[in-house]
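**Student:** model the structure of this input:
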Amino acid sequence: MSAAVRFQDVYRIYDAPGRASVALQGLTLEVAPGELVVVLGPSGAGKSTLLRIAAGLDRPTAGVAEVLGVEPARLRARTAAAFRARELGVLDQHYARSLSPDLTCRATIGLRLDLQGATRYERELRVDELLERVGLADRGGDLPGSLSGGEQQRVAVARAFVTRPQLLLADEPTGNLDGTTGKQVMDLLFELARADGTTLILITHDMALAGRCDRILRIADGLLVGDERLPAALAAQ
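**Tutor:** The predicted model follows:
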């Protein structure tokens, strides 16, 4: 089976006044379809750059970055955006940025389905299902501003999963939440990913969350320095 994500000798170098900044320097890794993978590493290790390249929001300076059999860097901007909207989910700690203050929670979650031409019945069925699963069945008609931070992030989780993406990229999704609320959000994230067979690449500093994934990848100085596969029983907890 082909990899969901494959990086081969990927470099990402940013030009800066007086010197170049190297975010990735020959990163090589593979993530299998359906795997739940956590990426650990110190600040500046290249973790967010890895996710941005996987999402097609950034391009490698050198090397090959394949996502679901496609090299996003080789796609035209419009094609890359369509690929991202159709196949990927993206989630980070800045949940408010992904939620329009003028759209209800229901409209926010269903927007990507509307853009992809889903029927009203298909959209409402999927949105109702997700609102129920994230515990907000009675808040679909509310604006995000009336919700708590944890509730807003649950709406963002539902929005990320609405198209049943093959790959979800999550960058510190609980970074702005308290511990209890963050755990509730992560419970939902893992539950939905496993239920839908979604490949998950998660950046976090929380070792408790790391222990719930299938693999732990460690990155330092733009290189893969550790790859640990967890026992299935432990990861499923």
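
**Student:** what about this structure, any weak spots by pLDDT?
**Tutor:** Along the chain, segments meeting pLDDT under 70 span 1, 232-237.

**Student:** that one: helices as residue ranges?
**Tutor:** Ranges of helices within the chain are 47-54, 77-87, 105-115, 120-133, 149-161, 179-196, 207-210, 232-235, based on DSSP state H.

**Student:** tilt between the first one and helix 77-87?
**Tutor:** Put simply, helix 47-54 runs at 100 degrees to helix 77-87, going by axes from the mean of the first three to the mean of the last three CA atoms, to 10 degrees.

**Student:** over to the longest one?
**Tutor:** Helix 179-196 and helix 77-87 are oriented at 90 degrees to each other (the same axes, to 10 degrees).

**Student:** the residue nearest to the spatial centre of the chain bridge partners, please.
**Tutor:** Central residue of the chain (CA atoms, centre = their mean): Leu169, 1.8 Å from the mean position. Applying DSSP bridges to Leu169 gives these bridge partners: Val90, Ile201.

**Student:** how much space between it and Gly179?
**Tutor:** Counting by CB to CB, to the nearest Å, the gap from Leu169 to Gly179 is 23 Å. Glycine gets a C-beta too; all of them are placed from N, C-alpha and C.

**Student:** same deal with Ile203?
**Tutor:** For Ile203, the distance to Gly179 - CB to CB - is 18 Å.

**Student:** could you do Ala156 as well?
**Tutor:** Distance, Ala156 to Gly179, using CB to CB: 19 Å.

**Student:** so who does the residue nearest to the centre of the chain touch?
**Tutor:** Counting by CB atoms under 8 Å, 6 or more residues apart in numbering, Leu169 touches Leu51, Ala54, Ala55, Leu88, Gly89, Val90, Leu91, Ile201.

**Student:** does Leu217 touch Leu36 like I think?
**Tutor:** No. Assessed by CB atoms under 8 Å, Leu217 is found out of contact with Leu36, at 11.5 Å.

**Student:** who touches both of the two?
**Tutor:** Counting by CB under 8 Å, 6+ apart, nothing touches both Leu217 and Leu36.

**Student:** so what's Thr104 closest to, chain neighbours aside?
**Tutor:** Gly141 (5.3 Å; CB to CB, 6 or more residues apart in numbering).

**Student:** one step back: and Ala156 and Gly179? Which one has more around it.
**Tutor:** Between Ala156 and Gly179, counted using other CB atoms under 10 Å, Ala156 has the larger neighbour count: 27 against 10.

**Student:** for that one, which non-adjacent residue is closest in space?
**Tutor:** Ala156 sits nearest to Tyr95 (CB to CB, 6+ apart), 4.2 Å away.

**Student:** OK, contacts around the one you found?
**Tutor:** Neighbours of Tyr95 in contact, by CB under 8 Å, 6+ apart: Gly149, Gln152, Gln153, Val155, Ala156, Pro173, Asn176.
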